[in-house]
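Enquirer: Below is the structure, and that's it, no one-letter string:
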């Protein structure tokens, strides 16, 4: 049995169903062996998308996504995708081909030190020297990627190691790494302290981050919130913890969040940060968060606790595990006055929205639609458990402020803010959850970064709904230049962009276009009526601000 | 604030690079770094001396613990440990400076371990502070080459542990 035969057997035993990648000479032994396997291969059109697709797949399945590419440029193209996954703690196992191990270090054709290049944004990396180590390494890689604080693991595999014969194949039952024992179980004393702090609180709030989804703790958190009637806000990565119209949900915090969400955070006396990093986008002044407040920080990664703000009560562990403990008893407290106050904030916020200059449902331009109005109506029309994938830029801001999530998911590149994430991540999500409706929403800048994946969608008959908000500019940069550089616009025009109708036709994908609020709802219905892949171009005024 | 980290790591290729890279990427200082094998050949010990505010020093420990090649991190300050540094120093000498150099060596407990007709090599093993004092005392002497190990440190003996 060759090393790659063994490797594929290991992947099968890990329950891998799909491999996203791009072959090249240095990974050909792998792609030869996989022909004998039931694992499906997805040929991406550029390697970065392999990592994004694996990421979308991982986020809806909870399993590690797998990307397999060749050495040199194949591996370096993957880097942005790995860094994107690392920033959002998405479990990936990335396998890169490498030149012959005897030639490593001599700068031969298509050699790149990929493990060195990725060191600061992988959870761990391996360079395989001994083919007999492959079963242990694969077992460890999947364990590392999917446990503790999740993240990408890189395995660099020289071609001679791939072709070597393996003496005896046996796949280990479990990974045993003496240096890696993530804390799952929350400390009982700390848990009691948190519950006591909540009992004594008058104005408690939970701020849910991406860790809630990563831990699969949505149900547990929701139960805790509902049984104890504690209000909840979230970060962008935490969107979807509660349905958008849940009475105890008070919006997203941060500089792109809702005013009433931020007011709720500011006024609280006990804040539970749950699986959130207290990062700069959500908490602009982390030092202030501990002023006059009890800050409880719950995270599986002890290094996140105290990194940006010193908590009053640190609690390390898996969120699902911790909330299962929390849910064993109802807290004897009454926060009704606090909730009344927050409801007032929320009403003020909703009223303010409808009082904007053009109202909220018309942008004042006859040839374009108001993007926030469009997103609200789109997400309203989507299936209850749909997956909404937002790209990066104004479209992301409009999305997170206006999307209506019920039982579905909201995916986006939060930490890294990688443009072009939406289309490939949506493709991966649809493969991971074929029964779910998957909608990607991008701008015309981000779309053009990864639109080559339309071919992948076509080739594998994957059905994704793609929305392109077309304003002809890099909107978020333009908006920044509008405010910061007083309309001195620099390098933001997307002149020369393709006609998306013709582009869709070239890929054999049906196309729709919305340029007027009048027929917007009908077009949205038509867009979502079928299951097939479709591209919806939505004309947006470049002056629309997010 | 100074802090010493005694870090047990897997003795594998690339581990030094990963640990040093962590300090570089997160903008932590390294005042000194000394690495060597332990009694177990599969394990190396790194002694890292760093400085920073309280939060930075705590982050260094947490981030080190997060590295999958790190087995154990012990941290202490200089007063809790015995600290040593080894210095090898090659200086030029002549008839007028020779006596001075030898006296300084005598006073500070350094030894002359090699010599030629124009240069001599001095060895000193002492606390990092005393090594620095010795170096300062050689002002006016022409130094050809210096090699220092960086601080080695170990927690003081205690009957409790």
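Expert: Thanks, I have the structure now. These numbers come from a predicted model, not from an experiment.
Enquirer: Give me the spatial nearest neighbour of residue B:125, chain neighbours excluded.
Expert: Sequence neighbours aside, residue B:86 is the residue nearest to residue B:125 in space, at 5.0 Å (criterion: C-beta to C-beta, 6 or more residues apart in numbering or on different chains). From N, CA and C alone the C-beta is placed, and that goes for glycine too.
Enquirer: give me the element the one you found is part of.
Expert: Here residue B:86 is covered by strand B:81-92, with elements defined by DSSP states H and E.
Enquirer: Not counting residues beside it along the chain, what's closest to residue A:80?
Expert: Leaving aside its sequence neighbours, residue A:80 is closest to residue A:48 (5.0 Å, by C-beta to C-beta, 6+ apart).
Enquirer: List the contacts of residue A:253.
Expert: Residue A:253 is in contact with A:207, A:233, A:234, A:235, A:261, A:262, A:264, A:265, A:282, A:283, counting by C-beta atoms under 8 Å, 6 or more residues apart in numbering or on different chains.
Enquirer: switch to 10 Å and redo it
Expert: Going by C-beta atoms under 10 Å, 6 or more residues apart in numbering or on different chains, residue A:253 touches A:205, A:207, A:209, A:233-236, A:238, A:260-266, A:276, A:281-284.
Enquirer: Can you turn the buried part of those residues into a PyMOL selection?
Expert: Once 16 or more other C-beta atoms under 10 Å in any protein chain shown is used to decide burial, the buried members of the contacts of residue A:253 can be selected in PyMOL as follows:
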select buried, chain A and resi 205+207+209+233+234+235+236+238+260+261+262+263+264+265+276+281+282+283
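Enquirer: Spell out the residue ranges of the helices in the stretch 201-350 of chain A.
Expert: With DSSP state H, counting those that start in this stretch applied, the stretch 201-350 of chain A shows helices at A:211-214, A:218-228, A:259-267, A:319-326, A:336-354, listed in chain order.
Enquirer: Dump those helices into a markdown table; add mean pLDDT and distance to chain B as well.
Expert: Rendered in a markdown table, the data for the helices of the stretch 201-350 of chain A read as follows (pLDDT from 0 to 100; distance: least, C-beta to the nearest C-beta, whole Å):
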| stretch | mean pLDDT | distance to chain B |
| --- | --- | --- |
| helix A:211-214 | 97 | 16 |
| helix A:218-228 | 97 | 25 |
| helix A:259-267 | 92 | 22 |
| helix A:319-326 | 97 | 18 |
| helix A:336-354 | 86 | 31 |
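Enquirer: Need the nearest residue in space to the closest residue to chain A within chain B, chain neighbours excluded.
Expert: Using C-beta to the nearest C-beta, the point where chain B gets nearest to chain A is residue B:62, with a distance of 3.8 Å. The shortest distance from residue B:62 to any non-neighbouring residue, by C-beta to C-beta, 6+ apart, is to residue A:303 (3.8 Å).
Enquirer: List the residues that contact that neighbour.
Expert: Neighbours of residue A:303 in contact, by C-beta under 10 Å, 6+ apart: A:149, A:316, B:58, B:59, B:60, B:61, B:62, B:63, B:64, B:65, B:66.
Enquirer: Drop anything exposed from those residues.
Expert: The buried subset of the contacts of residue A:303 - by 16+ other C-beta under 10 Å - is A:149, A:316, B:58, B:59, B:60, B:61, B:62, B:63, B:64, B:66.
Enquirer: was I right about residue A:161 contacting residue A:95?
Expert: No - using C-beta atoms under 10 Å as the test, residue A:161 is too far from residue A:95 to be in contact (11.7 Å).
Enquirer: residue ranges of the strands in the stretch 351-500 of chain A, please?
Expert: In order along the chain, the stretch 351-500 of chain A carries the following strands (DSSP state E, counting those that start in this stretch): A:387-390, A:409-411, A:438-443, A:465-470.
Enquirer: now do chain B
Expert: With DSSP state E, the ranges of strands along chain B come out as B:2-10, B:32-37, B:43-51, B:70-76, B:81-92, B:111-115, B:119-126, B:143-148, B:152-155.
Enquirer: Would you mark the buried spots in the last one?
Expert: This points to strand B:152-155. For strand B:152-155, the buried set under the neighbour-count rule, 16+ other C-beta under 10 Å, comprises B:152, B:153.
Enquirer: what do you get for the first one?
Expert: When neighbours are counted by 16+ other C-beta under 10 Å, the buried residues of strand B:2-10 are found to be B:3, B:4, B:5, B:6, B:7, B:8, B:9, B:10.
Enquirer: do stretch A:429-436 as well
Expert: If you call a residue buried by 16+ other C-beta under 10 Å, then stretch A:429-436 has these buried ones: A:429, A:430, A:431, A:432, A:433, A:436.
Enquirer: swap in stretch A:475-495?
Expert: With burial defined by 16+ other C-beta under 10 Å, the residues of stretch A:475-495 counted as buried are A:475, A:476, A:477, A:478, A:479, A:481, A:482, A:492, A:494.
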